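Visitor: sequence first, predicted model second:
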Amino acid sequence: MSALRRVVVVGGGIAGVTAADTLRQRGFDGELTIVGDEPYAAYSRPALSKTLLRDPDDPTAHELPPASHGGTELRGVAAVGLDVDARTVLLDSGDRLTYDGLVIATGCRARRLGEGEGRAQSDSSDAPVELTLRTIGDALSLRSRVAERPAVVVVGGGPLGMEIASSCLDNGCEVTLVSQGPPLLAQLGRHLSHLFVSAAVARGLRVVESAGARLVRGSHGTRVVLAEGATLEAGLVVTAVGDRPNVEWLDGSGLLDRGALVADAAGRVRPGVVAAGDVASVPTPHGIRRVPLWSSAIDQARTAAAALLGAEPAPGDHRPYFWTEQFGLSLKAVGHLPLDGEPELLDGDLDALGDQRALLRWNAADVDGSAAVAVNYRIPIPRLRRLCEPVAAG
C-alpha cells in the first residue's frame with residue numbers, strides 16, 4: 001500500500017470526486033480533502049444543456065449520487081497558488097493545505113466572445129452582453145431568459161452551441177446559429193455534420209457561416225456583427241466558443257509547459273502529483289491535447305488516482321465516448337473524433353424520413369482510427385465499443 005497519508009484534490013467536479021472515490025476504493029485511508037470553487041456538490045454538466053434547458057419540470061436532472069469518499073469537502077473555495085517544493089496548496093481564504101499526494105482536477109471555464117480581439121463593445125447598458133453555459137447558475141439564468149421567447153443568436157457551431165440552439169427552438173424561440181464553417185464539422189466530420197445540420201434546418205434553425213463575430217451592446221439589445229460586415233439583431237446572445245483550462249493558479253509552480261498542464265497516459269505530472277479531466281493535456285492519437293469529455297474525465301480520474309497510489313495503468317479500452325441530443329437526433333459515438341470518409345452502415349436507415357436510425361462504423365487498420373456511432377439507435381455502450389475493433393479487409 002502507498003505511504004501517502006494526506007491527499008489534496010483540487011477540483012470539486014466529476015474528475016475530482018471520481019479521483020477521491022477511487023482512492024478510497026483502492027484502500028487509501030489517510031486524510032483526504034477536496035477543494036472546489038463552486039458552492040455545490042459535483043453535478044452532471046452534460047445535463048445542463050441536454051436536459052435542464054429543455055425540461056424545466058425536471059429540476060434534478062443534473063444531480064449525481066452522493067460521493068462515497070468520506071473526505072472533507074471545501075466548497076466555494078478556490079486554490080490560488082501551489083508550492084510544489086513545500087507541497088502546499090494556497091487557498092483564496094488565506095489558508096494553506098499541505099499534502100503528500102496532489103490531484104489537480106480544476107477543469108475549465110467557458111471562453112467568452114468578449115475576450116481578446118472579439119471583445120464586446122458597450123455604449124449603454126450594464127447587463128451582460130452574452131450568456132455562456134458552464135455552471136448550474138449559467139443554466140438557470142439561460143433557462144429564465146429563454147422562457148421569455150426572445151430572438152436568440154447562438155455563436156458557436158460545436159456540440160454545445162448546437163444543443164443550446166436546439167433547446168431554444170424547443171422552447172419556441174426564433175434561433176440563428178453563427179458558425180465558423182459547417183456546424184459540427186470540426187468535431188464530428190463531414191458525414192455526421194451534414195446529418196445534424198439537415199435535421200436542424202428542417203426544424204427551423206437558421207445557420208449563418210462566418211469567419212468571425214463580435215458583439216456590440218446598444219440601448220435596444222445586442223447586435224452580433226459578422227466578420228463579413230452583416231449584423232444580426234438579437235434579444236438574447238449565447239456564446240459557445242470553446243473553453244479555457246483553469247491553470248492560472250499554477251503559475252510559478254513549474255508544472256506548466258507553455259500554459260498547458262501536461263500529464264502522461266497515467267495522469268502523472270511529477271512524483272506525487274497527478275492530473276485528470278478537462279484541465280489535463282494527455283497523449284492521444286492526435287498528439288498531446290485536452291480531451292474535454294465527461295466520460296474521459298471519469299476514466300482519467302480513475303487512472304490518475306491509481307497512479308498516485310503507485311499502480312501502473314491497467315490495459316483497457318480508453319477510447320473516448322461522446323454523446324449528444326439535438327434536433328430530434330440522439331448520437332452515441334465511441335472513438336477519436338472527427339471522422340473522415342464514408343461509414344459502413346451496419347443496421348438501420350438514415351434516409352428514412354421521420355424514422356432515421358442507424359448503426360455506423362468507420363473502420364481503420366488500427367483500433368485508434370476506428371469508431372462506432374449509433375444515431376437514434378438503442379445499443380449498450382460495451383457493444384458499441386466492441387464494434388470499434390478493426391475489421392480486416394478482404
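Guide: Structure received. Note that the coordinates shown come from a computational prediction; the quantities given were computed from them, not determined experimentally.
Visitor: okay, CA-based contacts and neighbour counts for the rest of this
Guide: OK.
Visitor: where exactly do the helices run in the stretch 251-394 of the chain?
Guide: Here the stretch 251-394 of the chain has its helices, by DSSP state H, counting those that start in this stretch, at 294-308, 381-386.
Visitor: need these in CSV (columns: distance to A364 and mean neighbour count).
Guide: Below are those laid out as CSV (distance: least, CA to CA, whole Å; neighbours: other CA atoms under 10 Å):
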stretch, distance to A364, mean neighbour count
helix 294-308, 22, 24
helix 381-386, 14, 15
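Visitor: distance to S193 added to those helices, as CSV?
Guide: Shown next, in CSV, are the helices of the stretch 251-394 of the chain (distance: least, CA to CA, whole Å):
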stretch, distance to S193
helix 294-308, 21
helix 381-386, 20
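Visitor: JSON lines for those, including distance to D340 and mean pLDDT?
Guide: Output for the helices of the stretch 251-394 of the chain, formatted as JSON lines (distance: least, CA to CA, whole Å; pLDDT from 0 to 100):
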{"stretch": "helix 294-308", "distance to D340": "22", "mean pLDDT": "95"}
{"stretch": "helix 381-386", "distance to D340": "19", "mean pLDDT": "93"}
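Visitor: among these, which is nearest E342?
Guide: Closest to E342 of these, according to CA to CA: helix 381-386, at 18.1 Å.
Visitor: now do stretch 10-17: distance from first to last residue.
Guide: 10 Å (CA to CA, to the nearest Å).
Visitor: quick one: contacts of that stretch?
Guide: Under the contact criterion CA atoms under 8 Å, 6 or more residues apart in numbering, stretch 10-17 has outside partners 9, 34-38, 41-44, 67, 69, 73, 75, 79, 102-107, 276-277, 294, 297-298, 300-301.
Visitor: if you set the cut-off to 7 Å instead, what comes out?
Guide: Residues outside stretch 10-17 that contact it (CA atoms under 7 Å, 6 or more residues apart in numbering): 9, 34-36, 42-43, 67, 103-106, 276-277, 297-298, 301.
Visitor: show me how to select, in PyMOL, the buried members of those residues.
Guide: Buried residues within the contacts of stretch 10-17, by 16 or more other CA atoms under 10 Å, are selected in PyMOL with:
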select buried, resi 9+34+35+36+42+43+103+104+105+106+276+277+297+298+301
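Visitor: let me know the closest of the contacts of stretch 10-17 to P150.
Guide: Y43 (28.3 Å).
Visitor: so what's that closest one up against?
Guide: Contacts of Y43 by CA under 7 Å, 6+ apart are G13, H62, E63, L64.
Visitor: once you drop chain neighbours, what's closest to the second one?
Guide: Residue nearest to H62 in three dimensions, not counting chain neighbours: S44, with 4.7 Å by CA to CA, 6 or more residues apart in numbering.
Visitor: who touches that neighbour in this structure?
Guide: H62, E63, L64.
Visitor: rerun that using 10 Å as the cut-off
Guide: Contacts of S44 were listed using CA atoms under 10 Å, 6 or more residues apart in numbering, and they are G13, I14, A61, H62, E63, L64, T135, I136, W294.
Visitor: single out whichever of those residues has the smallest pLDDT.
Guide: Across the set of these, A61 stands lowest in pLDDT, at 67.
Visitor: thinking again about what came up before, which among the contacts of S44 gets closest to L255?
Guide: G13 (21.2 Å).
Visitor: following element in sequence after the helix or strand hosting V17, please.
Guide: Per DSSP states H and E, V17 falls inside helix 14-25. Scanning forward in sequence from helix 14-25 by DSSP H and E, the next helix or strand is strand 31-36.
Visitor: may I ask which helix or strand of the chain has the lowest mean pLDDT?
Guide: strand 121-122 (a mean of 44; mean pLDDT, DSSP states H and E).
Visitor: helix or strand right after that strand?
Guide: helix 136-146.
Visitor: what pLDDT, on average, does the helix or strand following that following helix get?
Guide: Next in sequence after helix 136-146, counting helices and strands by DSSP H and E, comes strand 152-155. When pLDDT is averaged along strand 152-155, the result is 97.
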